[in-house]
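Student: One predicted model, sequence on top.
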Amino acid sequence: MIRKAGKIILLIIIFAIAAIPAVYINTLYGYLPIIFLAISVILSLLCLQIVRRRIEVTSDVETEKSVCERGEKVSAGLRIINRSMITTGKTVANVYISDLFGGEDAMNQMQLSLAPREESGFGMNIAMPHIGVYRGGIRDVEMWDWFGLRRTRVPAEGSFEVFVRPKIRPLEDLWDSEIVYTESMKDTRTVVMGGMDYIGVREYVMGDSMKQIHWKLSAHSQGYMTKLQESSRELDYAVVLDFAAEKMEDTEVLMDIQDALIETSLSIIDSVAQKHSNYSLIYANRDQEIVRYQPRGREDDLTLIQDFSLITPEPDARYPDACRILWEEGSAANHSTNVIVVTSRVTDELLQELMRIRRQQRVPELYHIVPAGLNSREVGAILARLQQLDEAGVSHCLVYTTDAGGVAA
């Protein structure tokens, strides 16, 4: 506002100076300076309106969605084209990149001036420290007339999308321990007869001898045999990904925690998938629905990232947190024997649920995501609270946000 008022005062002074010859000479030649100045200002404002309609913004990104891994930089080229026959005045391109929550995380201004029919291109090397799908580009172009008296904004359509995928690292601490194998040998499943789904153990197809045996047993017992009990020696894993978090004001810390949650979970899935075929990832999606999914490789990363719920500090009672997911998973007929929970919020209810699962002769594990920079007293308090899991025979470990995908403590 102050700069605008200063420009107006300066313009008045210039017009006053230009009017001096008209006052003292009082001829046509005396009026020429002020006439020339007035025409120049009007022409400048008119040209600004013409140029703003002929400005075009494009993106040089070769694909619709650029892909990089978390921590890498993404390169994108943007071009501003002046398709008019008029030179632009001061021109500023407002370049942005969105954040995980849909806002604008970073804004930069690129200042330039374009001659008639000229195009100006500039590259962007943007560090992408967080997992997700982001949009970047030129939000708009600000243009001034030649005298800097009037500014106008030109909406821009030059944008690109970046998919920042998680880092997958080997988890050396995830082994098939003797207790895991023993409990899986004892696991008994409730298997529903009929249809194509035999709860992960068998699929009925035409001519399946097992189905014929089931029907004969049903006839012999003079009633439908709707459920059978079978033991499975296949090691099965369920990785529970919990996006509920403690309350905190720092958005950057929340994004770091979300990165660690995703990378740790997918690293566990990757480690399990190398040795077993029976595994699943259970999480809350953006509609707050519990989803059970079996990733088949890195090609599923984009689908999962777009479906994952955002990290939710202090969720309400309706939010499907780890406790609710564990309860529903345990109530299912095809519940998993080995349950791995990845969360940043360990409540008393969650601790009780993990110990209850252990008493059911199932094998729970806890990966507790904690922010980087905790001092020894804070870490000691967390470990002391988790000591009851040690007494119940529940494995647990801490994962710092600075080293997602690896066991920190």
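Tutor: Okay, I see it.
Student: Could you use CA atoms for every contact and neighbour count after this?
Tutor: OK.
Student: Return the set of buried residues in stretch 85-92.
Tutor: 86-92 (16 or more other C-alpha atoms under 10 Å).
Student: Can you give the contact residues for that stretch?
Tutor: With contact meaning C-alpha atoms under 8 Å, 6 or more residues apart in numbering, stretch 85-92 is reached by 47-48, 51, 109-117, 141-148.
Student: repeat that with 10 Å
Tutor: 44, 47-48, 50-52, 54-55, 82, 108-118, 140-148, 151-153 (C-alpha atoms under 10 Å, 6 or more residues apart in numbering).
Student: Helices along the stretch 251-400 of the chain, start to end?
Tutor: 251-273, 301-307, 322-331, 348-359, 376-385, 387-392 (DSSP state H, counting those that start in this stretch).
Student: Need those in JSON lines (columns: mean neighbour count and distance to Thr401).
Tutor: What follows is those, written out as JSON lines (neighbours: other C-alpha atoms under 10 Å; distance: least, C-alpha to C-alpha, whole Å):
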{"stretch": "helix 251-273", "mean neighbour count": "22", "distance to Thr401": "5"}
{"stretch": "helix 301-307", "mean neighbour count": "15", "distance to Thr401": "18"}
{"stretch": "helix 322-331", "mean neighbour count": "18", "distance to Thr401": "19"}
{"stretch": "helix 348-359", "mean neighbour count": "17", "distance to Thr401": "21"}
{"stretch": "helix 376-385", "mean neighbour count": "12", "distance to Thr401": "14"}
{"stretch": "helix 387-392", "mean neighbour count": "14", "distance to Thr401": "22"}
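Student: buried sites along the helix or strand hosting Ser40?
Tutor: Here Ser40 sits within helix 28-52, counting by DSSP states H and E. Applying a neighbour-count criterion of 16+ other C-alpha under 10 Å, one finds 30-31, 33-34, 41, 44-45, 47-48, 51-52 buried in helix 28-52.
Student: what's the most distant pair in the residues you listed?
Tutor: Maximum pairwise distance among the buried residues of helix 28-52 (C-alpha to C-alpha): 35.1 Å, between Gly30 and Arg52.
Student: hey, what's the nearest residue to Glu119 once chain neighbours are set aside bridged with?
Tutor: Nearest residue to Glu119, sequence neighbours excluded (C-alpha to C-alpha, 6 or more residues apart in numbering): Ile81, at 4.1 Å. Under DSSP bridges, the beta-bridge partners of Ile81 are Glu56, Glu119.
Student: got the contact list for Ile81?
Tutor: Counting by C-alpha under 10 Å, 6+ apart, Ile81 has contacts 54-58, 114-121.
Student: buried subset of those?
Tutor: 55-58, 114-115, 119.
Student: Pull the most distant pair out of those residues.
Tutor: Thr58 and Ala115 (17.6 Å).
Student: surely Asp390 meets His396?
Tutor: Yes: using C-alpha atoms under 10 Å, Asp390 is in contact with His396, at 8.0 Å.
Student: so what sits against both of the two?
Tutor: Common neighbours of Asp390 and His396 (C-alpha under 10 Å, 6+ apart) are Leu383.
Student: How about the contacts made by the residue nearest the centre of the chain?
Tutor: Compute the mean C-alpha point of the chain, and by C-alpha atoms, centre = their mean the closest residue is Gly132, 2.7 Å away. Gly132 is in contact with 70, 99-101, 162-166, 255, 258-259, 301-302, 305-306, 308, 310, counting by C-alpha under 10 Å, 6+ apart.
Student: try 7 Å this time
Tutor: When contacts are counted by C-alpha atoms under 7 Å, 6 or more residues apart in numbering, Gly132 touches 100, 163-165, 305.
Student: so which of those residues comes closest to Ser376?
Tutor: Leu100 (30.8 Å).
Student: contacting residues around the residue lying closest to Ile290 once chain neighbours are set aside?
Tutor: The spatially closest residue to Ile290, leaving aside those adjacent along the chain, is Ala284, at 4.6 Å (C-alpha to C-alpha, 6+ apart). If a contact means C-alpha under 7 Å, 6+ apart, then Ala284 has 290-291, 308-309, 320 as its contacts.
Student: Kindly recompute the last result at 8 Å.
Tutor: Ala284 neighbours (C-alpha under 8 Å, 6+ apart): 241-243, 290-291, 308-309, 320-321.
Student: Could you check how far it is from Met143?
Tutor: 46 Å (C-alpha to C-alpha, to the nearest Å).
Student: repeat for Arg83
Tutor: 15 Å.
Student: again with Val67
Tutor: From Val67 to Met143 the distance is 33 Å (C-alpha to C-alpha).
Student: out of these two, which sits in the busier spot?
Tutor: Taking other C-alpha atoms under 10 Å, Val67 and Met143 do not tie; Met143 has more neighbours (25 against 17).
Student: Format the buried residues of helix 28-52 as JSON lines; extra columns: distance to Ser331 and pLDDT.
Tutor: As requested, these are exported to JSON lines (distance: C-alpha to C-alpha, whole Å; pLDDT from 0 to 100):
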{"residue": "Gly30", "distance to Ser331": "95", "pLDDT": "76"}
{"residue": "Tyr31", "distance to Ser331": "92", "pLDDT": "75"}
{"residue": "Pro33", "distance to Ser331": "89", "pLDDT": "80"}
{"residue": "Ile34", "distance to Ser331": "87", "pLDDT": "79"}
{"residue": "Val41", "distance to Ser331": "77", "pLDDT": "83"}
{"residue": "Ser44", "distance to Ser331": "74", "pLDDT": "87"}
{"residue": "Leu45", "distance to Ser331": "72", "pLDDT": "88"}
{"residue": "Cys47", "distance to Ser331": "71", "pLDDT": "90"}
{"residue": "Leu48", "distance to Ser331": "68", "pLDDT": "90"}
{"residue": "Val51", "distance to Ser331": "66", "pLDDT": "89"}
{"residue": "Arg52", "distance to Ser331": "63", "pLDDT": "87"}
